[in-house]
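Return atomic coordinates for the entry below.
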Amino acid sequence: MANIIVVGAQWGDEGKGKIIDILARYADYVVRYQGGNNAGHTVVIDDDEFILHLIPSGILHKGKICIIGNGVVVDPEALLDEINMLRKKRIEVGDNLKVSDQAHLIFPYHKVLDRLRESKVKIGTTGKGIGPCYMDKAGRCGIRLADLLDAEIFRAKLKSNIDSKNELLRKLYNHDGFSFNGIYKKYVGYRRTISKYTCNSTRILNEAVKKKKSILFEGAQGTLLDVDHGTYPYVTSSNATAGGACTGTGLGPSKIDKVIGVVKAYTTRVGEGPLPTEFPPRLMEGIRAKGREYGATTGRPRRCGWFDSVIVRHSAMVNGLDAIAVTKLDVLDELNTIKIATGYNYKGKTFKDFPSDIEMLWKVKPVYEGHPGWMEDTTRVNRFSDLPTNAKRYLKRLQSLVGVKIEWVSVGSKREQAFRVKF
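Model (predicted):
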């Protein structure tokens, strides 16, 4: 297998975990390159469900090296909880897991600041401290795993950060602030456990390429949540697009062979921000129930809508997609008519391109084309040729509108409920 990036091509929750799990069997390394434990990748093996927030999905396959790259922000408590969860389920976690020593660490003050800011300006954050941690990283005052491993450096940096954060919390939010000693002791305890996973991941990955090893890059969130290319400001704080795989690992773009974008057969979004194709309430509840559309990280109900080819064309462009995987086709099995948004109408004009103007995106009216549903169960189908005729026509139309070939189709949550496509 070549070096492949898997990204979400909508607003996240597209089913990347399953596609990565399928591809991981062919990879030597599986790498997370951005985001934090605000992500949630769900993999179902037999009747056992695994929800992973930081550790790459490749951990579920024996013999794979899983790396948390420098572009990820790491909550040590969340990481250790995830390791313990996997071990309880008899999944090996040892030398097969490595964490970049350049990854930045999330602290309790990041989480509090996240929630306090959300209470004033609602963006839809998970409240896990991701944004404030990236703010410290960009502000050059963040604390990396390498800093945690050096006792003197860690003490000095933590003291400086707590002093500045306490001043902000007290003056702006009337919050009591944090005790240095409490956080210091807690994180020194984490150091003892996490140090054995720490590595120079950039060197490891570049050496792997020289040895002709295959690398699978696991994106979190989705393209429309990318801080540069998404529905700003209703976005995450990192680059969820394919470019983030290079900056978040230290592997150059010339080493990437393929980019796969994952989309649902419809559209979903968690939290705040525009969703032009959003369903009316009754249809929303029906699709939400059938698709189990609740956030893997927060449990929040996802907003659902028709497939939006405008945003996926945008994703195809900014990611340089080579192929698409379509998930949850089965969720549409019982619909008489299925719509696809082919453009947006705004003030009497039709737009085919994704707009940067967030106010415009709130007000656009989707231009729809209707397609007859197939009204058949697809969950047992394992070949494209065996899909109902109207399902095949629907997928072909999605491919035509997006301009990227569909390579995978998923018709259920289990590993075996996915197949490669040959039109």
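
Identify the residues contacting the closest residue to Ala2 other than its chain neighbours.
Counting by C-beta to C-beta, 6 or more residues apart in numbering, Asp257 is the residue found nearest to Ala2 once chain neighbours are left out, at 3.4 Å. (Glycine included, C-beta is placed from N, CA and C.) Residues touching Asp257, when contacts are defined by C-beta atoms under 8 Å, 6 or more residues apart in numbering, comprise Ala2, Asn3, Ile4.

Going through these, which ones are buried?
Neighbour counting over the contacts of Asp257 (16 or more other C-beta atoms under 10 Å) leaves Asn3, Ile4 as the buried ones.

Next, the buried residues of stretch 334-345.
Going by neighbour count (16+ other C-beta under 10 Å), the buried part of stretch 334-345 is Leu335, Ile338, Lys339, Ile340, Ala341, Thr342, Gly343, Tyr344.

how far away is the last one from Asn3?
As for Tyr344, its distance to Asn3 is 35 Å (criterion: C-beta to C-beta, to the nearest Å).

what about Gly222, distance to Ser164?
In terms of C-beta to C-beta, Gly222 sits 33 Å off from Ser164.

The two: which is more packed in?
When neighbours are counted by other C-beta atoms under 10 Å, Gly222 comes out ahead of the other of Gly222 and Ser164, with 28 against 14.

Give me the neighbour count for the nearest residue to that one once chain neighbours are set aside.
By the measure of C-beta to C-beta, 6+ apart, the closest residue to Gly222 outside its immediate chain neighbours is Gly8, 3.2 Å from it. Applying other C-beta under 10 Å, we find 28 residues neighbouring Gly8.

now swap in Asp386 and tell me
By the criterion of other C-beta under 10 Å, Asp386 has 12 neighbours.

OK, contacts around it?
Asp386 neighbours (C-beta under 8 Å, 6+ apart): none.

Backbone dihedrals for it, please?
Taking degrees, to the nearest 10, you get phi -90, psi 0 for the backbone angles of Asp386.

and Thr126, what pLDDT?
Model confidence at Thr126, given as pLDDT, is 83.

going forward, begin numbering at 16 instead of 1
Sure thing, new numbering starts at 16, so read that last one as Thr141.

Return the distance of it relative to Ile106.
24 Å.

neighbour count winner among these two?
Legend: neighbour count by other C-beta under 10 Å for Thr141 and Ile106, higher for Thr141 (24 against 17).

Is that one in contact with Glu287, as I believe?
No - applying C-beta atoms under 8 Å, one finds Thr141 not in contact with Glu287, separated by 12.0 Å.

send the alpha carbons of stretch 317-334 over as PDB?
Provided in PDB are the C-alpha atoms of stretch 317-334 (Å, rounded to 0.1, in the frame of the first residue of the first chain):
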ATOM      1  CA  ARG A 317     -25.900  15.800  15.000                       C
ATOM      2  CA  ARG A 318     -27.800  18.100  12.600                       C
ATOM      3  CA  CYS A 319     -28.500  16.300   9.300                       C
ATOM      4  CA  GLY A 320     -29.200  17.400   5.800                       C
ATOM      5  CA  TRP A 321     -29.100  16.400   2.100                       C
ATOM      6  CA  PHE A 322     -25.800  15.700   0.400                       C
ATOM      7  CA  ASP A 323     -24.200  19.000  -0.400                       C
ATOM      8  CA  SER A 324     -22.000  18.700  -3.500                       C
ATOM      9  CA  VAL A 325     -20.900  22.300  -3.200                       C
ATOM     10  CA  ILE A 326     -19.000  21.700   0.000                       C
ATOM     11  CA  VAL A 327     -17.600  18.300  -1.200                       C
ATOM     12  CA  ARG A 328     -16.300  19.900  -4.400                       C
ATOM     13  CA  HIS A 329     -14.600  22.500  -2.200                       C
ATOM     14  CA  SER A 330     -13.100  19.600  -0.200                       C
ATOM     15  CA  ALA A 331     -11.900  17.800  -3.300                       C
ATOM     16  CA  MET A 332     -10.100  21.000  -4.400                       C
ATOM     17  CA  VAL A 333      -8.400  22.000  -1.200                       C
ATOM     18  CA  ASN A 334      -7.400  18.400  -0.300                       C
END
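
All set now, cheers.
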